[in-house]
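K.L.:
Got a predicted structure plus its sequence, pasted below:
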Amino acid sequence: MIKMVKVSAPGKLMLFGDHAVVHNRPCIVTAVDHRISVSLDKRNDNKIILDAPDMNIKNYKISLDNLGKQPPKKVRFVLTAIKNFFEKYKVESGLDIKTKSEFSSEFGLGSSSAVTVSTLKALSELFGIKINNKELFDLSYKTVLDIQDVGSGFDVAAAIYGGTLYFVTGGKVIEPIYIKELPMVVGYTGIKADTATLVKMVYRKLAEEPEIINKNFDDIARIVDKAKIEIQRNNWKRVGELMNLNQELLRDIDVSSKELERLISAAKNVGAYGAKLSGAGGGDCMIAVADKENYNNVIKAIEKEDGTFIEVKLNAEGVRIE
Ligand code: MEV
């Protein structure tokens with residue numbers, strides 16, 4: 001019988017298509033090399049005991065009978081993933097779980113999706129149940145939606161497949177984009193964005209002004225399709241210009257913020273080819289495309305505006321057994 005299993009999955013950064021991807025349009029996402037790992041072991045009783053030191057959780061205990069109850073926020077993704085796995089595959093066991101994160105959930109780099117994917121993959125290994133990537137995607141996406149209600153699933157796809165992906169809502173298309181490099185700088189605004197609130201705000205806008213907002217999403221979709229080609233050509237100048245156009249459209253649906261705009265302008269003023277917010281907006285991170293000569297200047301410019309440079313390797317490997 002298999003004993004301890006350890007699995008890790010990467011975080012993500014949205015490059016193009018934020019928000020529009022929630023509404024049946026494509027996006028481009030890349031996996032980042034900040035990983036979250038989940039270690040699982042079976043227990044002989046009916047308890048689940050969870051240690052998540054990065055979230056200040058030590059020795060959190062719950063019995064299997066209570067797994068259906070609404071869990072506290074910090075442990076929600078892990079416990080809902082376990083519940084969904086047990087229900088789908090008709091298995092059950094007490095578990096010892098330990099999670100470890102290489103990045104703060106503050107950054108909006110996809111810690112919830114990474115921990116969900118790692119937990120489900122680890123469970124499939126522990127119980128010897130073979131599930132392919134699409135099945136892992138569907139169960140992980142269901143878990144995230146059970147908790148958050150809204151979301152395209154792009155972050156789940158990045159955690160599973162890794163690399164850089166062309167992705168359409170709900171995993172209708174998940175296509176790798178083969179590239180060697182992505183010369184981008186990531187800056188954190190210092191403000192934690194509430195993704196679900198922003199996504200719901202955009203839903204309301206769409207309901208109020210469907211023609212205008214659908215046109216905005218269609219324009220974003222065209223930018224995504226062009227960016228997919230230019231990224232593969234390593235045409236970073238054009239990729240930067242497309243980022244600027246994408247950012248204008250995000251501004252039009254009111255998801256940017258003054259902090260994001262400050263960092264974006266600072267990066268462009270020192271020679272970045274282009275920059276935009278990454279994710280839901282309202283805070284979290286921005287990204288800028290810059291070649292080698294400008295790279296350090298862009299970092300300095302972001303820091304001068306009180307942003308935090310986040311050192312990440314993009315195009316990282318997807319979920320893996322450690
Ligand atoms: C949030 O990181 C990105 C959004 O497009 C939401 C989603 O795709 O789930 C705003």
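P.N.:
It's in.

K.L.:
quick one: contacts for the closest residue to residue 43 other than its chain neighbours?
P.N.:
In this structure, residue 43 finds its nearest non-sequential neighbour in residue 94, 3.4 Å apart by Cβ to Cβ, 6 or more residues apart in numbering. C-betas here are computed from N, CA, C, even on glycine. Going by Cβ atoms under 8 Å, 6 or more residues apart in numbering, residue 94 touches 42-49, 64.

K.L.:
send the alpha carbons of whichever strand in the chain runs longest over as PDB?
P.N.:
Determined from DSSP state E, the single longest strand within the chain is strand 26-43. The C-alpha coordinates for strand 26-43 follow below in PDB (Å, rounded to 0.1, in the frame of the first residue of the first chain):
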ATOM      1  CA  PRO A  26      -9.700  33.000 -24.700                       C
ATOM      2  CA  CYS A  27      -6.800  34.100 -22.600                       C
ATOM      3  CA  ILE A  28      -3.100  33.400 -22.300                       C
ATOM      4  CA  VAL A  29      -1.700  32.200 -19.000                       C
ATOM      5  CA  THR A  30       1.800  31.200 -17.900                       C
ATOM      6  CA  ALA A  31       2.700  29.000 -14.900                       C
ATOM      7  CA  VAL A  32       5.100  30.500 -12.400                       C
ATOM      8  CA  ASP A  33       7.800  28.700 -10.600                       C
ATOM      9  CA  HIS A  34       6.500  29.500  -7.100                       C
ATOM     10  CA  ARG A  35       4.900  26.200  -6.100                       C
ATOM     11  CA  ILE A  36       2.600  24.900  -3.400                       C
ATOM     12  CA  SER A  37       3.100  21.400  -2.200                       C
ATOM     13  CA  VAL A  38       0.700  19.000  -0.400                       C
ATOM     14  CA  SER A  39       1.900  15.900   1.500                       C
ATOM     15  CA  LEU A  40      -0.800  13.300   2.300                       C
ATOM     16  CA  ASP A  41      -0.700  10.200   4.400                       C
ATOM     17  CA  LYS A  42      -3.500   7.800   5.400                       C
ATOM     18  CA  ARG A  43      -4.600   7.600   9.100                       C
END
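
K.L.:
got the angle for the following helix or strand past that strand vs strand 26-43?
P.N.:
Moving toward the C-terminus from strand 26-43, the next helix or strand (DSSP states H and E) is strand 47-52. For strand 47-52 against strand 26-43, the angle by axes from the mean of the first three to the mean of the last three Cα atoms, to 10 degrees is 130 degrees.
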